[in-house]
Each structure stands twice: as structure tokens, then as C-alpha cells.
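>>> Predicted model, plus sequence, below.
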Amino acid sequence: AVTTLTSDNNSCNVIQGTSMASPHVAGVAAMLKAQNPDASYTQIIDAIKNGARSLTNLSGTNVTGGTLDAAAALNNL
């Protein structure tokens, strides 16, 4: 979904959805690999999933029922 927000003479588009989540998760995966080059892809996936911050309104909508948390993912690696 794309929503245009306008305030005075300024406007911006707010974009949401899985197409916006994918690059964020990919970025965190790259950050984890940079932090620990010896980590396997399954360790990185597990760190991202286990680091997800639970949100009630996301329950049942995705694999973790939460949102990406880069700091928690780092702590789980």
C-alpha cells in the first residue's frame, strides 16, 4: 500500500507490505554475517527469527508473530 502524506508544501509516500520488509530482513542478515563471518545461513535465520519482537497484532500473520529486531538478532547469534 502507498499512502501520500502532505504537510504544508512537503509530501512523502509511506509504503508498507512484504516488499518493504524483505530488504530490511536482508540487511539484518548481511549485518549478522558481517559480525560473524563463520555463521551458517541457518544460524543467521534462527538468530533473526529468535530475535523477533512479539506483537499481539502480528500474531498469526507471519512466521514469528513479531517484527524484526536487529539488536536482538545480534544478541541471538
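Ah, there it is. Residues are numbered from 1 along each chain as shown.

>>> what about the protein, any weak spots by pLDDT?
Residues of the chain meeting the criterion pLDDT under 70: 1-2, 13, 18.

>>> Do a quick rundown of the helices in it.
According to DSSP state H, the chain carries its helices in the segments 18-35, 41-50, 70-76.

>>> and of the ones you listed, who's closest to Cys12?
Nearest to Cys12, of all the helices of the chain, is helix 18-35, at 14.1 Å by Cβ to Cβ. For the C-beta atoms, the positions are set from N, CA and C on the backbone; glycine is no exception.

>>> Quick check: closest non-adjacent residue to Ala29.
In space, and not counting its chain neighbours, Ala29 is closest to Ile44: 5.4 Å by Cβ to Cβ, 6 or more residues apart in numbering.

>>> The one you found against Met31, yeah?
No - contact criterion Cβ atoms under 8 Å: Ile44 and Met31 do not qualify, at 9.6 Å.
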